[in-house]
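Undergrad: structure here, sequence nowhere to be found:
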């Protein structure tokens, strides 16, 4: 057995089913060893997307996604994918090949200091110096990636270490990390305080973030909210914690959120922030929810998040599911029905200020129709840009999931992430929705769907512009457009045909029902081009 | 393998220390100790690094470090023509009846007692590394509760080797 065999063996023991990647000489021992395994290998078209695919898989399976790439450019290409996963706390293992360890530091062919380069985007990284350490390192890496606040862990393995004979392979049963002991159970005294606050509250509000999904606590959160009658809003990463049509759900908060969701944040007397970072897009002015204006209960598995952006009245460190179970079981006598009535009225009174042009497809209506027609329990992957905001604002979601790059806002995320999600759950309907900018960033991965027989359902909202930046320039520079017009775009019908995809075109709303039906019922991979107004804005003036 | 003390003058920019330590780590050089502090002119920081390696490695280290944008000057500080000093704080468990003994022991090494608690004292001692090592060796038999060493700071002797920066 050599080092590369040991890595594969560790992946098998960890239950890894798929490895996304791209080879090069420095990772060849690994890709040779994996031939002896049942682990499926998925050859991507550029390394960044290997990480996005692993991320899509991880978000659906709940277990770390795995990608493996070569040294130098292979490793540096994957960085954006790692940073994207890090920003959304997605568990991931990245294995990078490295030049011979004797040559490290001498700038030989395809050498890059990848552990140094990803320092600020990984939860932890290893440069393996001795193959005998591999089982321990692999065990630790999976443990670190998938516990506490989840995140990517990178393992850099020089080619000589991959080829080094292993004397005895022993996979440790447990890890022994003296300095890493994540808290799971919430502090009993703090939980008591929370219950007391909720007992005295008149207008409590749950603001749920992506951490709820990472802790697999969405069912528990719904149970808690329903049992105590507490209204819920979410951040972008928290969309889907409750069905969007749930009477207690009041939409996404933030500068692209629903006015009644923001009103709920403003008017609440107790905010229960669960697995959310209080970052600027969700809470533009954190001082308004902290500093004594109201009681802020901040629940997060990462103690460093608490107090980072907003000072909380009651910090509560631990796993959301475990804490929510305790809260659901607690006695809270308060009646919040007046408050829920008030918010329900605000939601009812809300009229979107959109004035869509009738010459094009209205993306807001389109997303509503598409997601209404999707099978309940489906996966919707939103890219980045105006399409993302329209998706978030109009998605109809029940038991399904919406995935998007919330923290980093990485364009091109949707297509590879949808592939990973589809591989994690082949029976679930999976749709990727992107703009024409993001689409062209990962268009090459259509071949990956084709090669590996994975069904793709891709929607391209086409406006011939990088719409989000165009909108920014419209408002900030009075329509002085710079670098936003996408001239020279390919005919998408030709692209679809070139990859053997079916192609559908939607030019106006009256055909929407029919085309969406065809799109969703298509048994093959399919690309749907939707023509939207180039001058449309997500924020009406 | 030889141990070498390197002295750097660098622009006092944020992140300088991280750039230097990053260079050492990615090229696989050792850092035994590194100290940094602002100079008389707050525009610059003086950094003293103790490293080891064979002659070719040391030469590479000097060239690679000199190449960093922030680094204005780098030179070796050989033991015969420079002074090296390190500060060490040692918290030793000391019963009241042993205190006198500890004071005189520190006195031999020109150390001083800078904190006294009912069952412990903190000794401050300054010198080159071998002097500090010798003193720690002398404490064998006493319980060292905590120990903090700063790493070496150094300057060349005399006025010939001074680098003047604008």
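TA: The structure has been received and is ready for your questions. These numbers come from a predicted model, not from an experiment.

Undergrad: quick one: name whatever helix or strand follows whichever strand or helix holds residue A:272.
TA: Here residue A:272 is covered by strand A:270-274, with elements defined by DSSP states H and E. Next helix or strand after strand A:270-274 toward the C-terminus (DSSP H and E): strand A:295-300.

Undergrad: how far does the following helix or strand past that following strand sit from its chain's centre?
TA: Later in the chain than strand A:295-300, the nearest helix or strand by DSSP H and E is strand A:314-317. Counting by CA atoms, centre = their mean, to the nearest Å, strand A:314-317 is centred 25 Å from the centre of its parent chain.

Undergrad: partner strands of strand A:314-317 and their direction?
TA: Paired neighbours of strand A:314-317 in the sheet (DSSP bridges): strand A:295-300 (parallel).

Undergrad: got the contact list for the partner strand?
TA: Strand A:295-300 is contacted by residues A:149, A:186, A:194, A:197, A:201, A:211, A:269-276, A:278, A:289-290, A:305-307, A:310-318, A:320, A:323 when judged by CB atoms under 8 Å, 6 or more residues apart in numbering or on different chains. No exception for glycine: its C-beta is placed from N, CA and C like everyone else's.

Undergrad: before we move on, the earlier item: the strand holding residue A:272 pairs with which strands?
TA: strand A:204-208 (parallel), strand A:295-300 (parallel).

Undergrad: most packed of those?
TA: strand A:204-208 (a mean of 28; mean count of other CB atoms under 10 Å in any protein chain shown).

Undergrad: and that one, how far out from the chain middle?
TA: Counting by CA atoms, centre = their mean, strand A:204-208 comes out at 21 Å from the chain centroid.

Undergrad: mind checking the pLDDT average for that strand?
TA: Across strand A:204-208, the average pLDDT comes to 97.

Undergrad: what comes into contact with that strand?
TA: Residues from elsewhere that reach strand A:204-208 (CB under 8 Å, 6+ apart): A:198, A:221, A:224-225, A:230-235, A:238, A:241-242, A:253, A:264-265, A:268-276, A:282, A:334, A:336, A:339.

Undergrad: next secondary structure after that strand?
TA: Downstream of strand A:204-208, the first helix or strand assigned by DSSP H and E is helix A:211-214.

Undergrad: distance check, residue B:87 against residue B:101.
TA: Computed as CB to CB, to the nearest Å, the residue B:87 to residue B:101 distance reads 23 Å.

Undergrad: then residue A:329?
TA: For residue A:329, the distance to residue B:101 equals 61 Å [CB to CB].

Undergrad: what does residue B:137 give?
TA: Applying CB to CB, the value for residue B:137 to residue B:101 is 17 Å.

Undergrad: in terms of secondary structure, what does the lengthiest helix in chain B contact?
TA: When chain B is parsed with DSSP state H, its longest helix is helix B:55-67. Counting contacts by 3 or more CB pairs under 8 Å, 6 or more residues apart in numbering or on different chains; DSSP states H and E, helix B:55-67 is packed against strand B:2-11, helix B:16-26, strand B:44-53, strand B:71-76.

Undergrad: good, we can wrap up now.
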